[in-house]
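S.K.: Need coordinates for the below:
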Amino acid sequence: MSRRVPLAAVALALLLIGCDAPVDRYPPNDVYALTLARSFRVPTDLANTDTTKVVTELFGTPEQPQWPVDWLPEDAGNLVDLNRIERAAGAVSSEKDGTHRGLFREHCVTCHGVAGDGAGPASQTQNPYPRDFRHGVFKWKSTERADKPTREDLRETLVHGVPGTGMPSFSLLVKDDLESLIDYTIYLSVRGEVERRLMVAAIDELGYEDTLADPSASLTLRSDTDGEEIVRSVLARVTGQWVGAQAVTVSKAWEELSGEELTASIARGKEIFHSQVANCVGCHGPGGNGQAITLDYDDWAKEYSTRLGITPDDREAMRPFRRAGALRPRPVRPRNLQNAVFRGGSDTDDLYRRITQGIAGTPMPALAVVDGSEGNGLTEAEIWDLVRYLRSFGSP
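M.R.: Down below sits the predicted model:
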């Protein structure tokens, strides 16, 4: 693998030099290139280089971002607004009318990094790490586990922050600034996931290794080539998932209970929490204290460690990935529910979706909604009992 400057170093230099310093490129995803090299057992330098060229042609640079409307299906062209992306990108500045520019660099880059890889200079001090947008996987959302978040989901995260983490609330930002940051988050996520998928396609479909066996089968934007067809296919797939994101419908409305009815519901919820079907206690510990011992990792860390057969604590094996810019894998920490701080929101619908969809990118599983006591899921009534038990942690 070629040696490149890790994104964290780029972000740190940006922080030290100043927010008005130009950044002429998004760093390539060297960690994923190394991961693919280990997985496919082939060199990935050429695939990484050509992918970076194509992605730069499509999406531009941190100073001059682009949205490749001409390459997208019609319904994806309006997924984001280029004017808002341009406002969020680039150096921090203000215009005479009070319009703020460089919003992402002002508010987000210190944690999430220039390319949105979650490896900004402040990331090392945070647990959990800031989100890596490039996977296209988001934890706190209203959609099905495998789906993208909606714009409203991203807006909720920006407005309320993520309690118990380093993600603050940006509720004081004006609406236009919030919408610009939402667009830029989607832009970085689409750009990063397209980069990842194109790198895989270059190796798996176009035969990239040290050289190309067929030079005409290169990853390119030239018309009427295999490379162009792959680019269009990947763009359509990634943006189509964003366009089609829909919140999971909570079929049965929340019912407020009181007195003996509420007490009985909470008691049933506690039994479900400790049952073999839900087995919440297996991770969250007795009474939800979060003290159960876990040796698992989130999907972002697993990708360049356990899924390659590498033990995360093996420093020698991890060293090449760390040099490429990977964050040190940390075991997941199940939530201490007794604190009554729910990162993805504490509304009843939020908790319902967390139970039925799990948490994307983490070991938190989903529980199926069933019609009867079939032993392989929970009924609607049982889910609401469990929700009431969870909410009881926040009561005197």
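S.K.: from here on, contacts and neighbour counts on C-alpha atoms
M.R.: Will do.
S.K.: Go ahead and name everything in contact with stretch 321-338.
M.R.: With C-alpha atoms under 8 Å, 6 or more residues apart in numbering as the test, stretch 321-338 has contacts from 3-8, 30-31, 34, 119, 124, 283-284, 287-292, 294-298, 301-302, 304-305, 312, 362, 390, 393-394.
S.K.: and it, average pLDDT?
M.R.: The average pLDDT within stretch 321-338 is 93.
S.K.: can you give me the strands in the chain?
M.R.: 93-94, 100-101 (DSSP state E).
S.K.: want to try a markdown table for these, with mean pLDDT as columns?
M.R.: Shown next, in a markdown table, are these (pLDDT from 0 to 100):
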| stretch | mean pLDDT |
| --- | --- |
| strand 93-94 | 90 |
| strand 100-101 | 90 |
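S.K.: For the residue lying closest to Val162 once chain neighbours are set aside, give me the pLDDT.
M.R.: Ranked by C-alpha to C-alpha, 6 or more residues apart in numbering and with sequence neighbours excluded, the top spatial neighbour of Val162 is Arg343, at 5.1 Å. According to the prediction, Arg343 has pLDDT 90.
S.K.: thought Arg343 was touching Pro163?
M.R.: Yes: shown here, Arg343 and Pro163 form a contact pair, counting by C-alpha atoms under 8 Å, at 5.0 Å.
S.K.: Buried deepest among the strands of the chain, which one?
M.R.: When these are scored by mean count of other C-alpha atoms under 10 Å, the highest mean neighbour count falls to strand 100-101 (a mean of 20).
S.K.: where's Glu152 relative to Arg197, distance?
M.R.: Distance, Glu152 to Arg197, by C-alpha to C-alpha, to the nearest Å: 26 Å.
S.K.: same thing with Arg391?
M.R.: 40 Å.
S.K.: how about Tyr352, what does it touch?
M.R.: Per C-alpha under 8 Å, 6+ apart, neighbours of Tyr352: 250, 383-384, 387.
S.K.: swap the cut-off to 10 Å and go again
M.R.: 142, 248, 250, 254, 346, 358, 380, 383-384, 386-387 (C-alpha atoms under 10 Å, 6 or more residues apart in numbering).
S.K.: Please identify which pair of those lies farthest apart.
M.R.: Farthest apart among these by C-alpha to C-alpha are Trp254 and Gly358. That separation is 19.3 Å.
S.K.: So for those two, which residue has more residues nearby?
M.R.: Legend: neighbour count by other C-alpha atoms under 10 Å for Trp254 and Gly358, higher for Gly358 (20 against 12).
S.K.: Can you give me the neighbour number for the closest residue to the more buried one other than its chain neighbours?
M.R.: Once flanking residues are discounted, Gly358 sits nearest to Ala366: 4.0 Å by C-alpha to C-alpha, 6+ apart. Counted with other C-alpha under 10 Å, residues neighbouring Ala366 total 18.
S.K.: is it true that Ala366 touches Asn376?
M.R.: No: using C-alpha atoms under 10 Å, Ala366 makes no contact with Asn376, being 11.2 Å away.
S.K.: Mind listing the shared neighbours of the two?
M.R.: With C-alpha under 10 Å, 6+ apart, Ala366 and Asn376 have common neighbours Ala278.
S.K.: Spatially nearest residue to Thr311 (excluding sequence neighbours)?
M.R.: In space, Thr311 is closest to Ser305, 6.2 Å off (C-alpha to C-alpha, 6+ apart).
S.K.: Could you do Ser265 as well?
M.R.: Spatially, and ignoring its direct neighbours in sequence, Ser265 is nearest to Asp385 (5.1 Å; C-alpha to C-alpha, 6+ apart).
S.K.: The one you found and Asn279, how far apart?
M.R.: Note on Asp385: its distance to Asn279, by C-alpha to C-alpha, is 15 Å.
S.K.: pLDDT at Pro6, what is it?
M.R.: For Pro6, pLDDT reads 50.
S.K.: can you map out the helices along the stretch 1-150 of the chain?
M.R.: Taking DSSP state H, counting those that start in this stretch, the helices of the stretch 1-150 of the chain run over residues 7-17, 30-40, 45-59, 82-88, 103-107, 109-112.
S.K.: Tell me which of those sits most buried.
M.R.: helix 109-112 (a mean of 24).
S.K.: That one packs against which elements?
M.R.: Helix 109-112 sits against helix 7-17, helix 103-107, with contacts defined as 3 or more C-alpha pairs under 10 Å, 6 or more residues apart in numbering; DSSP states H and E.
S.K.: where among those is the average confidence lowest?
M.R.: Across the helices and strands packed on helix 109-112, the lowest-scoring stretch is helix 7-17, with a mean of 48.
S.K.: circling back to that earlier point, could you give me the PyMOL syntax to select whichever of the contacts of stretch 321-338 are buried?
M.R.: This is how PyMOL selects the buried members of these, with burial counted by 16 or more other C-alpha atoms under 10 Å:
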select buried, resi 6+7+8+30+31+34+119+124+283+284+287+288+289+290+291+297+298+301+302+304+305+312+362+390
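S.K.: Any idea how many residues pack against the closest residue to Gly207 other than its chain neighbours?
M.R.: Counting by C-alpha to C-alpha, 6+ apart, the nearest residue to Gly207 once its immediate chain neighbours are dropped is Ala213, at 6.9 Å. The number of residues packed near Ala213 is 12, by other C-alpha under 10 Å.
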